[in-house]
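K.L.:
give me coordinates for this.
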Amino acid sequence: MKRLLKRLFVPLFASRPVSALATAIVGRGIPIFMMHRMLVEGQPNTGTSPEHLRNCLTYLTENGYVFVSIEDVINALSNNTSLPEKAVVFTMDDGFYDQGRIAAPIFLEFACPLTFFVITDLLDNTLWPWDAQVSWIIDNTKNEDFCVELDDETLHVELGDANKRRIARETVRNILKEMDAEAIPALLQRLANAADVVIPQTPPSSFRPLDWDQARALEAQGIRFAPHSKTHRILSKLPREAARED
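P.N.:
Here you go, the predicted structure:
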């Protein structure tokens, strides 16, 4: 249903008449593109290809858009100052190695500010995110389907082809997002048992994180860094003190 609504309403809201009306009512907004993984050959998870990213940045440059950082936007809001009329912002979540190795150099090539929102325990190499573990389980099971008890419902997961695995990744992640965040490790283990796989204790190569030395090297080149929590758990699904710590 969520994907259907997105397909129906995003083109409507992006159309010129609706966009012009919205601008007249609430004023001009600033697009903020929030990116995640990059496409890496041989890795099962999809992401943004380097070619597509270059094409997008080229289009924006050639059409008069101005790249600014999220920090520039925050400062402008705080100080009631203006930004360029066609300002655009890019951010990138999590802090995986492919993001630093592939995406960061492209943004630097275009002199486009980029802010990484990093999961600090991921860079500390003390965990890998629960949603990444869901993807790994779905992509590495040899079963074509399985059933798993999640909370008070039995979920039948179909994995017969690449599209079904993509749907399964999204479905399971969305279900777990709504559950008690402190119960996630036990639910992941239940999912792994049903899929007949063993979750690696450390991130496999396809989920290799940046390390702090790499982050500092990127920072020295102009890439910005900000926090994306310690563990990537859903803060609204944690007790108050645990959420504050995260």
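K.L.:
so where do the helices sit in this structure?
P.N.:
Remark: helices assigned in the chain by DSSP state H are 2-14, 16-26, 50-62, 70-79, 97-98, 104-109, 120-123, 130-140, 162-177, 184-195, 212-220, 240-245.
K.L.:
of all the ones you listed, which one is nearest Glu85?
P.N.:
Among those, the nearest to Glu85 by C-beta to C-beta is helix 16-26 (11.5 Å). (Each C-beta comes from the backbone N, C-alpha and C, glycine too.)
K.L.:
pLDDT of whichever strand in the chain runs longest, averaged?
P.N.:
Across the chain, the longest stretch assigned as strand under DSSP state E is strand 87-94. Strand 87-94 shows a mean pLDDT of 96.
K.L.:
buried residues, it. List them.
P.N.:
By neighbour count on 16 or more other C-beta atoms under 10 Å, the buried set for strand 87-94 is 87-94.
K.L.:
quick revisit: deepest in the core, which of the helices of the chain is it.
P.N.:
For the helices of the chain, average neighbour numbers computed from mean count of other C-beta atoms under 10 Å are highest in helix 130-140, which has a mean of 22.
K.L.:
okay, that helix in PDB with CA atoms only?
P.N.:
The C-alpha atoms that make up helix 130-140 are tabulated as PDB, following Å, rounded to 0.1, in the frame of the first residue of the first chain:
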ATOM      1  CA  TRP A 130      20.000  -4.900  12.600                       C
ATOM      2  CA  ASP A 131      18.500  -3.900   9.200                       C
ATOM      3  CA  ALA A 132      21.700  -4.900   7.500                       C
ATOM      4  CA  GLN A 133      21.500  -8.300   9.200                       C
ATOM      5  CA  VAL A 134      17.900  -8.700   7.900                       C
ATOM      6  CA  SER A 135      19.200  -8.100   4.400                       C
ATOM      7  CA  TRP A 136      22.100 -10.600   4.900                       C
ATOM      8  CA  ILE A 137      19.800 -13.300   6.200                       C
ATOM      9  CA  ILE A 138      17.300 -12.900   3.200                       C
ATOM     10  CA  ASP A 139      20.100 -12.800   0.600                       C
ATOM     11  CA  ASN A 140      22.100 -15.700   2.000                       C
END
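K.L.:
which residue packs closest to the residue nearest in space to the middle of the chain, ignoring adjacent ones?
P.N.:
The C-alpha lying nearest the average C-alpha coordinate of the chain belongs to His36 (C-alpha atoms, centre = their mean; 3.8 Å). Nearest residue to His36 in three dimensions, chain neighbours excluded: Asp93, at 5.5 Å (C-beta to C-beta, 6 or more residues apart in numbering).
K.L.:
tell me who's in contact with the one you found.
P.N.:
34-36, 116-117, 228 (C-beta atoms under 8 Å, 6 or more residues apart in numbering).
K.L.:
same check on Val40?
P.N.:
Val40 is in contact with 47, 98, 102, 206, counting by C-beta under 8 Å, 6+ apart.
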